[in-house]
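> Fold the following.
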Amino acid sequence: MSYQLIRLSAGFEMRVDIPGRLILVDSVSTGQGVDIALVRNGTPAPYIPGRQAGFRLVEDFGGVLLRSALDCEVGIFLSINDVQLGGTAGGEVVIPTGVAVTNDLAHSIPVTLTSSSNTTPIPVSLASIRVNNTPAQPIPVSFAGTVSPVLGVVKVDNTNAEAIPMLQKPGEVFEVHVNNAVPLPVSVNNTDAQAVFVQPKATAVFTVDDKKRTLIVDAAPVAVGLAATAISSDAAYKRLVIRNDSALAVIALGGAGVTMANAVFFLEPGDVFIENDAPGAAWFGLADVSGGIVQIQGLK
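Below is the predicted model:
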């Protein structure tokens, strides 16, 4: 048995005139492998291309020819008898054509992606990866550097009990769109026991409109008859106060179509009606008898 450690120059043949019956490649320093041809009676046979470590051939020969497309170092056994080699700890197994792995959902395959440096990205095609985890097994995802935006439809399937935290970058406007339509208003539906945390941006002014009224408008009295009569329609009012100043008449309040039959608000003589929800709307009134009159006060 003879063990040869041979340095090959790219594109040049190396002939080893050692006869034998077994060729066993122990190591090849390049991923492209080494081409091997047997020499019988001085005549070389066609090359067997791209042989890697572990290649084994049992055939009578008078010598071998070696060549490589790249500079490399080849370790090779030439022997008449059989040679058995065990794998070294941590050694690599190279299969140029790849390996197909087929599993079912009950048999997961752990995969670890490593890179030769922290700056070399590892391409991963999401079209070929299926992640089947349970709610108790969250999958952390970390993006570094510049991340391309997600295009298309993103579906978030959560329940009312599963809140989704969102962090908005400073200076950006948060909008809700459905099917690429115009932005929708965002409604926060909480109870008194569920505080909503609000954090304004640095140097921003946070204002709470508590509807302070600074101007009192005493409008002229309005006579109200048996038909609906306009009594107030100032859109600037923040609060509207109406008093029935009639001696006998009951005043019904509502919109332009108000009647004594469909009215909801009725004022007996001397009663006062205070409106905070729609003080700037067009308000009408009518009386059950002639001679009705109302006093109007608006707050702006």
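> Look at G50 and give its secondary structure.
Put simply, G50 is strand when judged by DSSP: H, G, I helix; E, B strand; the rest coil.
> again with the one 10 residues further on
For D60, the reduced secondary structure class is strand; criterion used: three-state DSSP.
> burial count for it?
A total of 11 residues lie near D60 under the criterion other Cβ atoms under 10 Å. Every C-beta, even on glycine, is put in place using the N, C-alpha and C of the backbone.
> what separates the closest residue to E59 other than its chain neighbours from R15, distance-wise?
Spatial nearest neighbour of E59, chain neighbours left out: L38 (6.1 Å); criterion: Cβ to Cβ, 6 or more residues apart in numbering. As defined by Cβ to Cβ, to the nearest Å, L38 lies at a distance of 11 Å from R15.
> Mutual contacts of the two, please.
Common neighbours of L38 and R15, counting by Cβ atoms under 8 Å, 6 or more residues apart in numbering, are G63, V64, L65.
> Quick one: residues contacting A263.
The contact partners of A263, taken as Cβ under 8 Å, 6+ apart, are A252, L253, G254.
> can you redo those residues as JSON lines with pLDDT and distance to G50?
Formatted as JSON lines, these follow (pLDDT from 0 to 100; distance: Cβ to Cβ, whole Å):
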{"residue": "A252", "pLDDT": "96", "distance to G50": "99"}
{"residue": "L253", "pLDDT": "96", "distance to G50": "95"}
{"residue": "G254", "pLDDT": "96", "distance to G50": "93"}
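> Among those, which one lies nearest to S29?
For the contacts of A263, the closest approach to S29 (Cβ to Cβ) belongs to G254, at 94.7 Å.
> ok, the closest one to F284 distance?
Distance of G254 to F284, computed by Cβ to Cβ: 6 Å.
> With neighbour numbers in mind, choose between those two.
Shown here are G254 and F284; by other Cβ under 10 Å, F284 has more neighbours (21 against 16).
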